[in-house]
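Trainee: please work out how this folds:
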Amino acid sequence: MRRLVGLRFLPPVLGLAACDVQVRDTTPAEYTANHDIGMYQVSAAVTRGALVAPGSVFMFALGQRQRITLASNAEGSEWHGIYPVRCQSSFPLQFQAEWKGLLDVKQKLVPAQPRQISLREPPLTPSARFDASGKQAKGGWQGGVQYRFVTQPGVRINAAHIEPDSAATADLAAARPLSVVSSFPVVAGCADLVEVRLASTAAHAHGTLVIDTDHPAVAHWRTRVEFSP
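Mentor: Numbers count the residues shown, from 1 in each chain. Below is the predicted model:
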C-alpha cells in the first residue's frame, strides 16, 4: 500500500520510466554463413526501470515463424540465444520483452520493424593442386575443384574457363595445356559439394579456373590450379 501511495506523487514521466524496460539490440549486423550447424548467436542488452523486479523480465527473439527464448546473465542485463537458419543470405530479427507491471503484463518489440542480419557466403576454394605423376591418361591428367554454396537454396555454375595467372610468357605457356572438361550447367544444392573437372596435357601446368554462377554474391570466382608430378 505504501508503494502505491508513493507512486501517486511521482511525476508522470518518471513514473512511466520506473515501470519500463529498455532493450538494445547487440547482435552483429553480419555473420559468415555456417554450412554445418546453421546457428547464429543473437543478443540484446536490457535496462530495467527502478520498479521492475529482476525476475519479472522475459526476453524472446522473433524471426520467420520462430519465437526463441533467450537466457540472461545473473543481473538480467545481457540476454542471448541461438537462432537457427539455413540456406539464406539473411534473416529477420526482432526482440520481444515481457515483464510484470503493477497491474498487468507489459510487452515491447525492438526494433519496431525486424532488421535483417546478413549472412556472407564463405570463401570458395582458393587453390587446388593435382597429381600428374605416372603415365598420362587419354585426354590428359585430370582433377576436380570442389565448391560449396550455403546462402542459397541452390546455385548453378553456368560456365567455367581457364585464364593464365598473368600476361607473362611463362604463365601463358603454363596455362595452355589446361582445359575444363565438365559439362554445364553444374547445379549445387545448398551445402552440397559440387565439382568442376579439369584436364592437363602436360605434367607441369598452372593457371586460374574462373567459374560463372547465378549466385548474386559470387557471380564469378577464381581458383588457382596446378598440375605437377
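
Trainee: which strand is the longest one in this structure?
Mentor: In terms of residue count, the longest strand belonging to the chain (DSSP state E) is strand 105-120.

Trainee: so what strands line up beside it?
Mentor: strand 30-32 (parallel), strand 90-100 (antiparallel) (DSSP bridges).

Trainee: so how far is it from its chain's centroid?
Mentor: Distance of strand 105-120 from the chain centroid (Cα atoms, centre = their mean, to the nearest Å) equals 18 Å.

Trainee: helix or strand right after it?
Mentor: Sequence order places strand 127-131 as the next helix or strand after strand 105-120, per DSSP states H and E.

Trainee: which helices and strands does that next one pack with?
Mentor: On a contact count with 3 or more Cβ pairs under 8 Å, 6 or more residues apart in numbering; DSSP states H and E, strand 127-131 meets strand 141-148, strand 220-228. Every C-beta, even on glycine, is put in place using the N, C-alpha and C of the backbone.

Trainee: try it again with 10 Å
Mentor: strand 141-148, strand 193-200, strand 205-213, strand 220-228 (3 or more Cβ pairs under 10 Å, 6 or more residues apart in numbering; DSSP states H and E).

Trainee: alpha carbons of that strand, in PDB - could you do that?
Mentor: Provided in PDB are the C-alpha atoms of strand 127-131 (Å, rounded to 0.1, in the frame of the first residue of the first chain):
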ATOM      1  CA  SER A 127      43.500 -23.100 -54.800                       C
ATOM      2  CA  ALA A 128      43.900 -26.700 -55.800                       C
ATOM      3  CA  ARG A 129      46.800 -28.900 -56.800                       C
ATOM      4  CA  PHE A 130      46.600 -32.200 -58.800                       C
ATOM      5  CA  ASP A 131      48.900 -35.100 -59.200                       C
END
